[in-house]
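# Predicted model follows, preceded by the sequence.
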Amino acid sequence: MSSAAILARHLDDAQRVVVFTGAGISTESGIPDFRSPGGVWSKMKPIMLQDFVRSRDVRREAWTRVFNRTAGWTGAAPNAGHHAVTALLHAGKVTSIITQNVDNLHQDSGAPLEKVIELHGNAAYAKCLNCEIRYEFEHIEPRWRADEDIVCLACDGLIKTATVSFGQPMPEEQMARATLEAETCDLFLVLGSSLVVRPASGLPIIAKQDGAKLIIVNREPTELDEIADLVLHEEIGPLLTDTLALLK
């Protein structure tokens, strides 16, 4: 039996599937991952939140990375994996998408905003660190080019990309929603995550402890492979495309 057929059988048997995605689903769109050789953090040092708040020069560097697209997190198109997950969502098979990614590709593929739980924020827009008003980059870029220190027009708070930076607390609401989804699903499907970043990597364990099946699709082995019901080391887009065809 093919990997797609096995995965399709598990999906057929499930009633509440939660999809958990990491960098591996987006590398097929050309988005770099974080920690592997050639990944984002091998090319540039991450900026700590406290340094961003403390130093205008650091803030300038952070915005330069955004508008020069140094990290490469934005500007790509969703791939077959994103579209397949969205199709499962619209079919009522998947209840939510929990993602560690900041690239907005699940939303770009048609997933409703309320169904995507972003644990590490979103690199496609910015927010005030104080009042949390949202700002689009097109309104910020002229201020960056004019060498302004970019602050909120409403409260004078500092504006930063809506990603969760190093040293910044995890978003409580999103973590609570993700935990509830893990506790109430009957199949927790990991797509393209090394499962080493905590506390997000604890979600598959919660799901498993509460009786859900755990399936991991990732190129490399993970620390949770030993407790998974199924582990597949395959490309996500082709696998999910073939799986969808078998479900129809």
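Now that the structure is in, tell me what you want to look at. Numbering: from 1, shown residues only.
# Any chance you could list what contacts the host helix or strand of residue 159?
Assigned by DSSP states H and E, residue 159 belongs to strand 159-163. Identification of contacts with strand 159-163 by C-beta atoms under 8 Å, 6 or more residues apart in numbering yields 52, 62, 66, 102, 120-129, 134-135, 140, 150-152. Where C-beta positions appear, they are placed from N, C-alpha and C, glycine not excepted.
# Confirm residue 76 sits in a helix?
No - the assignment for residue 76, made by DSSP: H, G, I helix; E, B strand; the rest coil, is coil rather than a helix.
# one step back: just the contacts of strand 159-163: which are in strands?
Members of the contacts of strand 159-163 lying in strands (criterion: DSSP state E): 121-128, 134-135.
# Can you turn the buried subset of these into a selection I can paste into ChimeraX?
Buried residues among the ones in strands among the contacts of strand 159-163 (16 or more other C-beta atoms under 10 Å), as a ChimeraX selection:
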select :121,122,123,124,125,126,127,128,135
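# Can you tell me which of the ones in strands among the contacts of strand 159-163 is nearest residue 168?
Distance to residue 168, by C-beta to C-beta, is smallest for residue 121 among these, at 8.6 Å.
# looking at the sheet around the closest one, what are its partners?
residue 163 (DSSP bridges).
# which residue sits closest to the residue most central in space within the chain in space, ignoring its chain neighbours?
In the chain, the centroid-proximal residue (C-alpha atoms, centre = their mean) is residue 101; its distance is 2.1 Å. Take residue 101 and drop its neighbours on the chain: the residue closest to it by C-beta to C-beta, 6 or more residues apart in numbering is residue 26, 5.5 Å away.
# so the one you found sits right up against residue 77, yeah?
No - between residue 26 and residue 77 there is no contact under C-beta atoms under 8 Å: 10.6 Å.
# circling back to that earlier point, closest one of the ones in strands among the contacts of strand 159-163 to residue 178?
Closest to residue 178, out of all of those and judged by C-beta to C-beta, is residue 121, at 13.4 Å.
# How about the contacts made by that closest one?
102, 161-164, 171.
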